[in-house]
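Asks: This is the structure alone, sequence omitted:
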């Protein structure tokens, strides 16, 4: 049986594809997306359909390769197949690139079944050049396909009953989700928090949270019955939820994680009531707010995924060298949400990150750094950082400066991203801490940044770990 073509799973059968165009069941799929030999001639041959257990072991094992975890095969798409399956020949043809948005296993969800866009499990033979030899055309291709798919799904409400709990994009270290339950939870939290602050039932804080007018205007277009239903959910959040922290309240973290997984968890009675409130307004949210939120989430990933795939290895190497610690076990889960407390992003667990898609601070060019900054809040890295600081101050019988740990965390992710982008010709990149003047107001924080510039950055550039430099940092702060 020839192995130069590729195999597509349809139900329980595998179909071997040739080199011509095929119209089957209303779906148009290109066959022979890669060349069969070095001369560039297309693989020829008739289609063959076999049962999954009849597929030759060599091909079957190749088809089940772990795209996202293979050292040379970061994946993109629903859970993505390998970038090794790209070739220059099929770049101009958008439908030919759609099979990249497939799954690592045997499922094949659709982006928009009405448009006949099928996400197939597809694996080419591995004769493509290594990922490291790809240039900017890979980044451009990834972004083009993501934007094309976002446009295809624009305005299509996602039925809550059929919501997929799988990531819609993967890289080597990150999995990206746009989850209706998680988004609704954060949407109601922000809405209720603003109302509670306006009513004076909870203290105002800086920066004060805001909400886009377009989200509030939608409520005025609804019937009185629907407004009452929404108002009941907001009232529940005002009374029982917004006084608690999304970042530190373990009950809310457990609730959010249960929403993300779709599995029942051991929740306190009040959080069980919260989940029931979410279920009552899920269809309402899914019909009126979710289509735009979901589109914004996918557009955010479309803008950054090319840079993530291109630079993530180098950035991770620099960050782990600075901490002298291992990167948290991939993939790091990233949920795009419409709002999150009063910050642009937050991270819990090992790690689970929320990022507000429609916020200037989360978009390019800072989106790349933001991902690695948030992942650095994992116990593997942030926990190690706290240990280094506490150890350095124990012998001095002093308390470390309150923001020292967070400034160092900002500095490591920012410097690593800036250096990697600089080596790629983007020497004009300004880190998030500089651009948004993070921890620059208090005199002590300003002094910490001066020490970072004078002591830590030169050492980090030389490859010295923070543990070796921490005594010098503490001495400079005395």
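Replies: Now that the structure is in, tell me what you want to look at. It should be emphasised that the depicted structure is a prediction, and the values quoted were computed from it without experimental measurement. Numbers count the residues shown, from 1 in each chain.
Asks: which parts of the strand or helix carrying residue 461 are buried?
Replies: Assigning secondary structure by DSSP states H and E places residue 461 in helix 457-462. By 16 or more other C-beta atoms under 10 Å, the buried positions in helix 457-462 come out as 457, 459, 460. Bear in mind the C-beta positions are built from the backbone N, C-alpha and C, glycine included.
Asks: ok, of those, which one's closest to residue 276?
Replies: residue 460 (49.6 Å; C-beta to C-beta).
Asks: about what we covered before: quick check: what element follows the helix holding residue 461 along the chain?
Replies: helix 466-477.
Asks: how many neighbours does the residue nearest to residue 285 when sequence neighbours are not counted have?
Replies: In this structure, residue 285 finds its nearest non-sequential neighbour in residue 184, 4.8 Å apart by C-beta to C-beta, 6 or more residues apart in numbering. Neighbour count of residue 184, defined by other C-beta atoms under 10 Å: 26.
Asks: Who are the contact partners of residue 184?
Replies: By C-beta atoms under 8 Å, 6 or more residues apart in numbering, the residues touching residue 184 are 278, 281, 282, 285, 290.
Asks: do you know how far it is from residue 303?
Replies: 24 Å (C-beta to C-beta, to the nearest Å).
Asks: In a strand, residue 335, correct?
Replies: Yes. Assessed by DSSP: H, G, I helix; E, B strand; the rest coil, residue 335 belongs to a strand.
Asks: Make sure it is actually in contact with residue 353.
Replies: Yes. Between residue 335 and residue 353 there is a contact under C-beta atoms under 8 Å: 7.0 Å.
Asks: before we move on, back to that, just the ones in helices from the contacts of residue 184, please.
Replies: 278, 281, 282, 285, 290 (DSSP state H).
Asks: so how many other residues sit close to the fourth one?
Replies: By that I understand residue 285. Counted with other C-beta under 10 Å, the burial measure for residue 285 works out to 21 neighbours.
Asks: By neighbour count, which of the ones in helices among the contacts of residue 184 wins?
Replies: Result: residue 290 is most packed of the ones in helices among the contacts of residue 184 (other C-beta under 10 Å), 25 neighbours.
Asks: For it, give its distance to residue 169.
Replies: 18 Å.
Asks: cool, and residue 346?
Replies: Using C-beta to C-beta, residue 346 is found at 20 Å from residue 169.
Asks: Could I get the contacting residues of residue 402?
Replies: Taking C-beta under 8 Å, 6+ apart as the definition, residue 402 has no contacts.
Asks: So it: helix, strand or coil?
Replies: On the basis of three-state DSSP, residue 402 is classed as coil.
Asks: pretty sure residue 352 contacts residue 260?
Replies: Yes. At 7.5 Å, residue 352 and residue 260 qualify as touching, with contact defined as C-beta under 8 Å.
Asks: Which residue of the two possesses the greater neighbour count?
Replies: A direct count of neighbours by other C-beta under 10 Å for residue 352 and residue 260 places residue 352 higher, at 21 against 18.
Asks: beta partners for the more buried one?
Replies: Residues in a beta bridge with residue 352, per DSSP bridges, are residue 333, residue 348.
Asks: Closest one to residue 223 out of the contacts of residue 184, please.
Replies: residue 281 (13.8 Å).
Asks: so what's that closest one scoring on pLDDT?
Replies: With respect to pLDDT, residue 281 scores 98.
Asks: separation between it and residue 288?
Replies: From residue 281 to residue 288 the distance is 10 Å (C-beta to C-beta).
Asks: Same question for residue 451.
Replies: Residue 451 is 51 Å from residue 288, by C-beta to C-beta.
Asks: Ok, residue 244 next?
Replies: Residue 244 sits 27 Å away from residue 288, going by C-beta to C-beta.
Asks: repeat for residue 276
Replies: 20 Å.
Asks: Over to residue 214?
Replies: 11 Å.
Asks: Counting neighbours, go ahead and name the busier of these two.
Replies: Taking neighbours as other C-beta under 10 Å, residue 214 and residue 288 compare with residue 288 leading, 17 against 10.
Asks: which of the residues in stretch 222-241 are buried?
Replies: So for stretch 222-241, counting by 16+ other C-beta under 10 Å, buried means 229, 230, 233, 234, 236, 237, 238, 241.
Asks: same thing with stretch 191-198?
Replies: By 16+ other C-beta under 10 Å, the buried positions in stretch 191-198 come out as 191, 192, 193, 194, 195, 196, 197.
Asks: same thing with stretch 271-287?
Replies: Within stretch 271-287, the residues that qualify as buried are 271, 274, 275, 277, 278, 281, 282, 284, 285, 286, counting by 16+ other C-beta under 10 Å.
Asks: Pick the one among these closest to residue 379.
Replies: Closest to residue 379, out of all of the buried residues of stretch 271-287 and judged by C-beta to C-beta, is residue 271, at 23.6 Å.
Asks: Let me see the contact set for the closest one.
Replies: Contacts of residue 271 by C-beta under 8 Å, 6+ apart are 251, 252, 254, 255.
Asks: Next, the residue nearest to the last one when sequence neighbours are not counted: secondary structure please.
Replies: Nearest-residue entry for residue 255: residue 271, 4.6 Å, with adjacent residues in sequence omitted and distances by C-beta to C-beta, 6+ apart. Following three-state DSSP, residue 271 is assigned to helix.
Asks: Quick one, grab the pLDDT at residue 271.
Replies: The model reports residue 271 with a pLDDT of 93.
Asks: No further questions, thank you.
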